[in-house]
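Q: one predicted model, sequence on top.
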Amino acid sequence: MIQLLSLILLACSLFASAQPKRVVTVATGEYPPYTGKQLANDGFVNHIIRLALESQGYQVHFEYLPWKRSFQSTHLGQFDMASYWVCEPEYADSFYCSDEIYKGNLLAYFRKTTPLPKWENIYDLKKFRIGATLGYEYVPEFHKAVEQGELDVLMVTDDKHSLNMLFNDRVDLVLLSDVAMQALLIKAFTPEHATLIHASDKPFLAYTAHVLFPKSREGSLVLKNDFNKGLSQLKRSREWDRQWQRLLNAEFHPDAAIN
C-alpha cells in the first residue's frame, strides 16, 4: 500500500512538472535602464517582473510598443499586464494594481548657464519651455495645465530628442528620473554633455512604480496575486536588492553582461 501511494505521488509530481507553463504577455515601452529591448535582461523593471513571475511558474514574453499604445492595448485586454505605470486613482475602474516595484523621483533638468529658480508648484514654471516625452506619466496637474495652455510644453517621442533640445536651447528644462538621465548620457552623449546640466533640488514628481492588470481580462486578479507573491519573495530573499545594485552600477546597459 505504501509503495502504491508513493508511486501515485511520484506520478502526480511528474505530471505536474510536465505541464507547460502559462505564458504571460506583458505590454511595455522603452525607458532605459528600467525597460528596453536592447538592455541586459530587458532592463531592471522588466527583469524584476520576469523573476517574480517565473518564481510562480509562469513564462514571460515582453511586447515593446509606444507607451500610450501599450497602455491602451492592455486596457482592451490584449495583454496580461502593462509594465510599468504609476497607479493613478482613475485607473481603478479598469485595472488591478500590483504592489510597489520601486520608488523613484522625476527631476527637472536645466542648463547650468540658465539655472532654474526656486519653485513650489508647476505653475511657477509657466515662463519656461519644457521638454516632455509622449506617453509618459506626469502629475495630473501637469497634464491639466498643458491641456489648458498654462504651460509651454514641447512633446517629443523619446528622451534623447528631449535632451538634445535642452542642449540646443530649444527648451529650458526636461523631465527625467536621475537613473534614466545617467543611462541616457552614457548611451547617447559625451562626458562633456553631463557637465552642462543640473537637476533641481525639488523633485518634479515622487512616484512608486507598479504593474497594471486589466480587469477586462479573465484571470487578472489571480495573476496579480501571484505576481505580488513572487515580488515579495524577491524582496525577502534580497534578490531585489541585488538587482537594484546592478541598476545603480549601470549593469543593465546593453553592453553589460546578463545575469
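A: Structure received.
Q: helices along the stretch 151-259 of the chain, start to end?
A: Remark: helices assigned in the stretch 151-259 of the chain by DSSP state H, counting those that start in this stretch are 159-167, 178-188, 191-194, 220-236, 239-248.
Q: got the ones you listed as a markdown table, with mean neighbour count, mean pLDDT and distance to Ser83 columns?
A: C-beta here means a position set from N, CA and C on the backbone, and glycine is covered the same way. Listed next are the helices of the stretch 151-259 of the chain as a markdown table, based on neighbours: other Cβ atoms under 10 Å; pLDDT from 0 to 100; distance: least, Cβ to Cβ, whole Å:
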| stretch | mean neighbour count | mean pLDDT | distance to Ser83 |
| --- | --- | --- | --- |
| helix 159-167 | 19 | 95 | 17 |
| helix 178-188 | 18 | 87 | 15 |
| helix 191-194 | 11 | 94 | 28 |
| helix 220-236 | 17 | 98 | 11 |
| helix 239-248 | 15 | 94 | 15 |
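Q: contacting residues around the closest residue in space to Leu76 that isn't next to it in sequence?
A: Using Cβ to Cβ, 6 or more residues apart in numbering and skipping residues adjacent in sequence, the residue nearest Leu76 is Ser216, 6.7 Å away. Going by Cβ atoms under 8 Å, 6 or more residues apart in numbering, Ser216 touches 75-77, 94.
Q: buried among those? Make that a PyMOL selection.
A: This is the PyMOL syntax for the buried subset of these, where burial follows 16 or more other Cβ atoms under 10 Å:
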select buried, resi 75+94
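Q: can you tell me which of the contacts of Ser216 comes closest to Asp158?
A: His75 (22.8 Å; Cβ to Cβ).
Q: nearest residue to Tyr136 other than its sequence neighbours?
A: Counting by Cβ to Cβ, 6+ apart, the residue nearest Tyr136 is Trp67, at 6.4 Å.
Q: ok, the one you found - contacts?
A: Going by Cβ under 8 Å, 6+ apart, Trp67 touches 29, 31, 134-136.
Q: go on, Gln243?
A: 44, 47-48, 51, 234.
Q: filter the residues you listed down to just the buried residues.
A: Counted by 16+ other Cβ under 10 Å, the contacts of Gln243 give 44, 47-48, 51, 234 as buried.
Q: tell me which element Ile130 is part of?
A: Under the criterion of DSSP states H and E, Ile130 resides in strand 129-133.
Q: quick one, that strand and helix 159-167 angle?
A: Angle, strand 129-133 to helix 159-167, by axes from the mean of the first three to the mean of the last three Cα atoms, to 10 degrees: 170 degrees.
Q: quick one: mean pLDDT over strand 129-133.
A: Averaged over strand 129-133, pLDDT sits at 93.
Q: if we can go back for a sec, of all the buried ones among the contacts of Gln243, which comes closest to Pro115?
A: Phe44 (30.9 Å).
Q: correct me, but the closest one touches Arg246?
A: Yes: under the criterion of Cβ atoms under 8 Å, Phe44 makes contact with Arg246 at 7.2 Å.
Q: list residues touching both of those two?
A: Phe252.
Q: circling back: the buried ones among the contacts of Gln243 in helices, which ones?
A: 44, 47-48, 51, 234 (DSSP state H).
Q: and those residues, which two are furthest apart?
A: Top of the distance list for those (Cβ to Cβ): Phe44 and Leu234, 12.0 Å.
Q: hmm, Leu53 and Leu234 touching each other?
A: No: assessed by Cβ under 8 Å, Leu234 is found out of contact with Leu53, at 10.6 Å.
Q: quick one on the thing from earlier: partner strands of the strand holding Ile130 and their direction?
A: strand 152-156 (parallel), strand 173-177 (parallel) (DSSP bridges).
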